[in-house]
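A.B. asks: please find the sequence and the predicted model below.
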Number of protein chains: 6
Amino acid sequence: MKLLIVNPNISHSVTELIEAEARRAASPGTQLTLRTAALGVAYIETRAEAAIGAYATLNELADHFPGHDAAVVAAFGDPGLEAAREMLPIPVVGLTESALMSAAMLGGKIGIVAISRRIRAWYAETVDRYGMTSRLAGIRCLDEPLANIGSVQQDKGEQLVALCEAAIRDDGADVLIIAGAPLAGLARSVAQRIPVPVVDGVSCAVQQAELLARLGPAKATAGSYAAPPVKGAMGLSPALRQLIGREDVA
Amino acid sequence: MKLLIVNPNISHSVTELIEAEARRAASPGTQLTLRTAALGVAYIETRAEAAIGAYATLNELADHFPGHDAAVVAAFGDPGLEAAREMLPIPVVGLTESALMSAAMLGGKIGIVAISRRIRAWYAETVDRYGMTSRLAGIRCLDEPLANIGSVQQDKGEQLVALCEAAIRDDGADVLIIAGAPLAGLARSVAQRIPVPVVDGVSCAVQQAELLARLGPAKATAGSYAAPPVKGAMGLSPALRQLIGREDVA
Amino acid sequence: MKLLIVNPNISHSVTELIEAEARRAASPGTQLTLRTAALGVAYIETRAEAAIGAYATLNELADHFPGHDAAVVAAFGDPGLEAAREMLPIPVVGLTESALMSAAMLGGKIGIVAISRRIRAWYAETVDRYGMTSRLAGIRCLDEPLANIGSVQQDKGEQLVALCEAAIRDDGADVLIIAGAPLAGLARSVAQRIPVPVVDGVSCAVQQAELLARLGPAKATAGSYAAPPVKGAMGLSPALRQLIGREDVA
Amino acid sequence: MKLLIVNPNISHSVTELIEAEARRAASPGTQLTLRTAALGVAYIETRAEAAIGAYATLNELADHFPGHDAAVVAAFGDPGLEAAREMLPIPVVGLTESALMSAAMLGGKIGIVAISRRIRAWYAETVDRYGMTSRLAGIRCLDEPLANIGSVQQDKGEQLVALCEAAIRDDGADVLIIAGAPLAGLARSVAQRIPVPVVDGVSCAVQQAELLARLGPAKATAGSYAAPPVKGAMGLSPALRQLIGREDVA
Amino acid sequence: MKLLIVNPNISHSVTELIEAEARRAASPGTQLTLRTAALGVAYIETRAEAAIGAYATLNELADHFPGHDAAVVAAFGDPGLEAAREMLPIPVVGLTESALMSAAMLGGKIGIVAISRRIRAWYAETVDRYGMTSRLAGIRCLDEPLANIGSVQQDKGEQLVALCEAAIRDDGADVLIIAGAPLAGLARSVAQRIPVPVVDGVSCAVQQAELLARLGPAKATAGSYAAPPVKGAMGLSPALRQLIGREDVA
Amino acid sequence: MKLLIVNPNISHSVTELIEAEARRAASPGTQLTLRTAALGVAYIETRAEAAIGAYATLNELADHFPGHDAAVVAAFGDPGLEAAREMLPIPVVGLTESALMSAAMLGGKIGIVAISRRIRAWYAETVDRYGMTSRLAGIRCLDEPLANIGSVQQDKGEQLVALCEAAIRDDGADVLIIAGAPLAGLARSVAQRIPVPVVDGVSCAVQQAELLARLGPAKATAGSYAAPPVKGAMGLSPALRQLIGREDVA
């Protein structure tokens, strides 16, 4: 089993956090290829940043997917996920989607704990895009600027645990998602202090990607997730152009 | 890894179909315990039958869960699933829920193909209970009585493929679920003839149960999925009474 | 007019509360048969308890419905209601459903006041099952353990009135439901202190059962509420087996 | 028990149909006052006609409610219902609302059979206003102009039965509402030919009005169904002006 | 371009506020005809008052629409709007609808700031009628009686700004609507103090009316917004009777 | 008034169609700047193509917005719209959003007529993103490949009119949107043959852009549509990097 994991952010330190957690979550024989977005921002929090991150992610996926069994879009908010699912012949999962679908099998109402106030609207819209708003207990967040995105787990661990407790007590959460790649691993490290199941995006995504690859579903050739039809294109990378079956505009 | 799989129907022939498909889907080292409901009906299609099947399922789970890492409620419609999730200290998944959550990561609109006209209302209500109605393309079904529940795949294969095609063309399904334990295995055998990804409940449930067991989430001790509080009870099996922490009413 | 009223809990003291309130609510000529669940728990608060209570309720209904014009499932949360409606040839109502439908004709947003924090998730899911979530202002609850389920009205009257006031002021409730059979009668006794209409489940259920019996609708023989089709069964009581038209599995 | 029944249409022939059916549905001791709108149209089918009918209905209710225990707005679509509920100190029900709430206790999905194609949008919006769209199987209608609104049951009986059958078979209706005052009585006369429960607005409304009057809920003095606050008014009938507690603008 | 603007309230002082703001918002060449309801109340806050205001509004529109290119129903809550849209051959907009649709193009979640606590239920139902509830961040309101409806902007300016700030901070509003004709102009005067876009009903309605008139869509002659079909009528003004194409009942 | 109109497709022939229609729709004094995407595909129909188109659109907007009063994303489906709205200090509208919001003020249920079968899923998801799914009557489409995207109005006019008629008769549409920039102008040319109001995206977008520019709302500095916070970025164009306030990663 080979998984391609793309970090839609440009931060290599975050990619390292993702990789460490992904290796813990993956099955023994699974090989991981990690990629970091070549363009974009250090940490996606807004719709504009996500739109840019989606493009960067599609480029990484197109360049590197051959030889892999499944792929992971490794930012909560899943920039470019549905686009990649259309385009690639292998299963693709995102952190939000796979965490939501996993959490849904562990309880009723799902609480999300996030890294910044600003990020909440984008997360809420992502949950809604998957039709899961009725399952959402709420999104709680850290409310101060982060000094260092790479050390957020150390700097903010206690606040994050307090947010979890509030989500359970005040929002009625039955299960929690610790959201965002920079928090990868926190779900595991605080699990024994939280009185409901806690999952995180990276572990869920890696394991769901493995699961889907094992199920081995055919790539859609009909319906709205078939590959885009051949048509004129311009300005795309060779891999992107070839993958979605386009000819250059003369 | 040890999984407990309970067939909420009383049909041993269906249990055998479930077991065969579950063994194909399970990881190499996974051990399976199969149980068949001790009371109920041959094949659950209605709310009344499901209510009875839920009780039978809870009894089997209570008697046999010790020593297992996760459990599967192995009838589409998931009778007793949320009740079992409250009650048991290990993850429990159902065929409908795990197929929906897996299918959701393979496409947008999900079509369900079912074994009888009567069963559709129960399935639709099950999908709605999980908040997934907005993802449902539709439920299509065989429309004649089944001569033999054990040979439905052989007898009705062509009709089921035609239903899949109609679900794609007319309902806009991007991914399909072949529903119901008696159809376990059909998804696999017809996959190459269907132009969208096809999953079935047994494979998804077994693999999602393994995944959740590997994630190793804590049992809720707060929220609405904590074990039921201790209180007077009567007429329950010893295992059921003990599991949900009750004392007998004097 | 003869009504069969089944308490899905095993508590005879609660059955007595139900009976007293039911007699006040019933029309002069109406005769009531009261039954208490033969198995289950003292007071249903969770999904697991409700699943067991549903089975117990179906058994009582099957054994005793002949000769009655309608039946009442007399626990808020309505365990087994839809199953009973499929199965029985007479109308069946539940406390939650009949209180919601009655309250809906008295105002816009409906507040529910309940007996324990734990019970709220089950109630919320029951409201949602009936498609009435958009009408729900909220569910407020007592937050301490009850010393005595039989004397909750005396012990907690003031707290319950305060919850009603908060539901109006903070949740925007236009009408209130005092939920749960142990609170039967409280709606009546506090009505003059609450500035919006207040109803309770027992009164609504008894009167809606009478109303439906008078309307005299035919039992469905088509659609998803027709009696379950004949098929093999095992382990059911004679009445249950006969009622849903099954033959024993040889 | 005294009920005030207002026909929001100007057609006395329809009022007579309503009265005949209402007398059959009412309890033995119940007295009925029938009123016909003093302004408006022969048969309300559209939003504009309903807005006019609402005003006419409020005037009739204001003039005649004293001495009655409950009131009925006797046109499907319930023109002015919520306004009347705010304004009057007695319970007020409408044909659509009471039929929906009664039907909801007899099955899952509710089909409506209506008198004209044009009327469907107004009915659909009425169902939605009550938050019951998720329960609606569909609205089917006669598709030709009616020669005579007073004899529609005789002229169109067979077509209406065919619509009922299509609603069950094609829309999945578990229970049917024969809609519209001119069809009052049809539900009863065709009930034995239809394989699911059938209700009609007039019977449901009369019986629900009696039920609410017996429950005896207090008039709201808080929340959004309290009587409108005192303020300047102009051009209103004396009864309307007094009822909603206004002083004339000098 | 000529616009007919009808104030559904009887308050001429409010009509003057509307007119002043409408003139500021209108394009240079646009002529405005202002009308005040001939019957009803000083300021509509409830469903009953809105039902009466709808009738008054339809009468004003019927009497005065000839020669105009579009019409505005100038009370937040839009009494009679859909009825007028059916009935009139020119576009008709309401304050709530046009403010919602304009605000929706300026942000995601929309907050409404209103003049009284009582008015909130009616506003919420209006938003829901347009299918926009999922876009609503919340409705905040002044909570004390208004000494003078005509000077509310002066008397309550600071409180209204505080409500705006709370809507942004606590409800997550991305854009705000200052609701109600008496607040016409407040959006403009406080805009520079509020950190999100602020719109008001009068400006939006005038400009959307102009826009729709310029688009020049045909009046519907099919579907549910065609003019009501010809039928017997009684008690209507000549203009109203003629407009909706009815003959008097002999 | 100066408007920037960006065609997210790379087709200059489509840009010309957009420009012609935009000039007809714009107010006399309005100046238009037209831009065509520098990368992407000839005609966006899928999620992958839209993700690429969003990035191309953001680049065009960032490079050219200075000096304009508002901007238009000129492909139905609105690629990058919310991202642009966050990022730019001027109002930005999209074809789908502005057509939906305009159509919503002309009727109840909105039908969309589209250029290809494949494009429907993307359009449906766009409508849902705006919370307008409950207003959607349906999406009907041409079902054959287009020989020439530039001459679709001539080649397919009759089929498109037939689709409009089916949308009214079978889907219950009260108002229609002719979707997609290549159909710009068709709404106008067929309007007199369609019995409900018909709008198109280009006209609505141009006029709504003018309207929002005239309203002159402040750019959000709080909430989720404030400009993205300053943070490290890489690989962005100078305009894009400056616009969203980022410093380069050293």
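C.D. replies: Yep, it's here.
A.B. asks: what is the burial count for A:Pro89?
C.D. replies: Neighbour count for A:Pro89, taken as other CB atoms under 10 Å in any protein chain shown: 11. Using the backbone N, CA and C atoms, a C-beta is placed for each residue, glycine as well.
A.B. asks: report the contact partners of the residue nearest the centre of chain A.
C.D. replies: Against the mean C-alpha coordinate of chain A, by CA atoms, centre = their mean, the closest residue is A:Leu95 at 2.5 Å. Contact partners of A:Leu95, counting by CB atoms under 8 Å, 6 or more residues apart in numbering or on different chains, are A:72-78, A:179-181, A:201-202, A:204-205.
A.B. asks: in TSV: the residues you listed, plus distance to chain F, pLDDT and neighbour count.
C.D. replies: Output for the contacts of A:Leu95, formatted as TSV (distance: CB to the nearest CB, whole Å; pLDDT from 0 to 100; neighbours: other CB atoms under 10 Å in any protein chain shown):
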residue	distance to chain F	pLDDT	neighbour count
A:Val72	17	98	32
A:Val73	11	98	33
A:Ala74	17	97	33
A:Ala75	14	96	32
A:Phe76	16	94	32
A:Gly77	12	96	30
A:Asp78	12	98	31
A:Ala179	16	92	29
A:Gly180	14	80	30
A:Ala181	15	73	30
A:Gly201	20	96	33
A:Val202	21	96	32
A:Cys204	22	97	28
A:Ala205	19	98	35
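A.B. asks: the residue of chain A found nearest chain C: what's it in contact with?
C.D. replies: Minimum separation of chain A from chain C (CB to the nearest CB) falls at A:Gly108, amounting to 6.4 Å. A:Gly108 makes contact with A:Arg135, A:Asp174, A:Val175, B:Glu82, B:Ser224, B:Tyr225, C:Ala121, C:Glu125 under the criterion CB under 8 Å, 6+ apart.
A.B. asks: now the helices for chain A?
C.D. replies: A:12-25, A:47-64, A:81-87, A:95-104, A:119-129, A:152-171, A:186-190, A:201-215, A:238-243 (DSSP state H).
A.B. asks: in JSON lines, list those helices along with distance to F:Gln154.
C.D. replies: Shown next, in JSON lines, are those (distance: least, CB to CB, whole Å):
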{"stretch": "helix A:12-25", "distance to F:Gln154": "52"}
{"stretch": "helix A:47-64", "distance to F:Gln154": "35"}
{"stretch": "helix A:81-87", "distance to F:Gln154": "31"}
{"stretch": "helix A:95-104", "distance to F:Gln154": "43"}
{"stretch": "helix A:119-129", "distance to F:Gln154": "37"}
{"stretch": "helix A:152-171", "distance to F:Gln154": "57"}
{"stretch": "helix A:186-190", "distance to F:Gln154": "59"}
{"stretch": "helix A:201-215", "distance to F:Gln154": "46"}
{"stretch": "helix A:238-243", "distance to F:Gln154": "31"}
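A.B. asks: now the weakest link among the ones you listed, please, by mean pLDDT.
C.D. replies: The stretch with the lowest mean pLDDT among the helices of chain A is helix A:186-190, at a mean of 78.
A.B. asks: hmm, it touching chain B?
C.D. replies: No. Helix A:186-190 stays clear of chain B (CB under 8 Å from any CB of the partner chain), getting no nearer than 8.9 Å.
A.B. asks: buried ones in that helix, by neighbour count?
C.D. replies: Within helix A:186-190, the residues that count as buried by 16 or more other CB atoms under 10 Å in any protein chain shown are A:Leu186, A:Ala187, A:Arg188, A:Val190.
A.B. asks: other SSEs contacting that helix?
C.D. replies: Contact here means 3 or more CB pairs under 8 Å, 6 or more residues apart in numbering or on different chains; DSSP states H and E; on that basis helix A:186-190 packs against helix A:152-171, strand A:175-178, strand A:198-200.
A.B. asks: gap between the residue of chain A closest to chain C and C:Arg120?
C.D. replies: 11 Å (CB to CB, to the nearest Å).
A.B. asks: pLDDT at the residue in chain A that chain D sits nearest to, what is it?
C.D. replies: For chain A and chain D, the shortest gap (CB to the nearest CB) falls at A:Ser134, measuring 11.8 Å. pLDDT recorded at A:Ser134 is 97.
A.B. asks: what's the closest non-adjacent residue to it?
C.D. replies: B:Gly131 (4.0 Å; CB to CB, 6 or more residues apart in numbering or on different chains).
A.B. asks: would you list the phi and psi of the one you found?
C.D. replies: phi 70, psi 20 (degrees, to the nearest 10).
A.B. asks: contacting residues for it?
C.D. replies: Contacts of B:Gly131 (CB under 8 Å, 6+ apart): A:Gly131, A:Met132, A:Ser134, A:Arg135.
A.B. asks: hang on, the second one packs against A:Ala104?
C.D. replies: Yes. With contact defined as CB atoms under 8 Å, A:Met132 counts as touching A:Ala104 (7.3 Å).
A.B. asks: where do the contact lists of these two overlap?
C.D. replies: Common neighbours of A:Met132 and A:Ala104 (CB under 8 Å, 6+ apart) are A:Ile110.
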